[in-house]
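# Test case, fold it:
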Amino acid sequence: MNTILQPAYQAPRPPHGEHEMTLFPEWANDEPVVCHYEHIKGEPMTRDHPGSPEEYSLISAYIRGWDCYRMLSDRQIAEIEQQIQERA
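Alright, predicted model coming up:
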């Protein structure tokens, strides 16, 4: 009896200082997109400092273990970053 194993597509672990989240955007056709992102905490406004907002930056995105970040449009990157911000 021959058993055919499906290939395991896995994204690498995020480097130190980055976080990971799996999303399912509509444009990915129900494929999970493993996202590595950087989170920069916001700073409150003071009298001497204008402060800064909290920021989430997409570093890489993997579909079936393949880094597709360079293939994403600016619109897709913004959509992913928005979804990360909503779920983080």
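# so what strands line up beside the helix or strand bottoming out on mean pLDDT in the chain?
For the chain, using mean pLDDT, DSSP states H and E, the weakest element among its helices and strands is strand 66-67, scoring a mean of 92. Strand 66-67 has its sheet partners listed here by DSSP bridges as strand 55-63 (antiparallel).
# Using neighbour counts, pick out the buried residues of the strand it pairs with.
By 16 or more other C-beta atoms under 10 Å, the buried positions in strand 55-63 come out as 56, 58, 59, 60, 61, 62, 63. Where you see a C-beta, it was placed from the backbone N, CA and C, and this is true even at glycine.
# and if you look at stretch 11-21?
By neighbour count on 16+ other C-beta under 10 Å, the buried set for stretch 11-21 is 11, 14, 21.
# Check whether the second one really touches residue 20, as I assumed.
Right, residue 14. Yes - judged on C-beta atoms under 8 Å, residue 14 makes contact with residue 20 at a distance of 4.7 Å.
# Quick check: neighbours shared by these two?
residue 36 (C-beta atoms under 8 Å, 6 or more residues apart in numbering).
# hang on, the earlier thing: rebuild the buried residues of strand 55-63 as JSON lines, extending it with pLDDT and distance to residue 88.
JSON lines is the format used below for the buried residues of strand 55-63 (pLDDT from 0 to 100; distance: C-beta to C-beta, whole Å):
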{"residue": "56", "pLDDT": "94", "distance to residue 88": "7"}
{"residue": "58", "pLDDT": "96", "distance to residue 88": "12"}
{"residue": "59", "pLDDT": "96", "distance to residue 88": "14"}
{"residue": "60", "pLDDT": "96", "distance to residue 88": "17"}
{"residue": "61", "pLDDT": "96", "distance to residue 88": "16"}
{"residue": "62", "pLDDT": "96", "distance to residue 88": "18"}
{"residue": "63", "pLDDT": "94", "distance to residue 88": "21"}
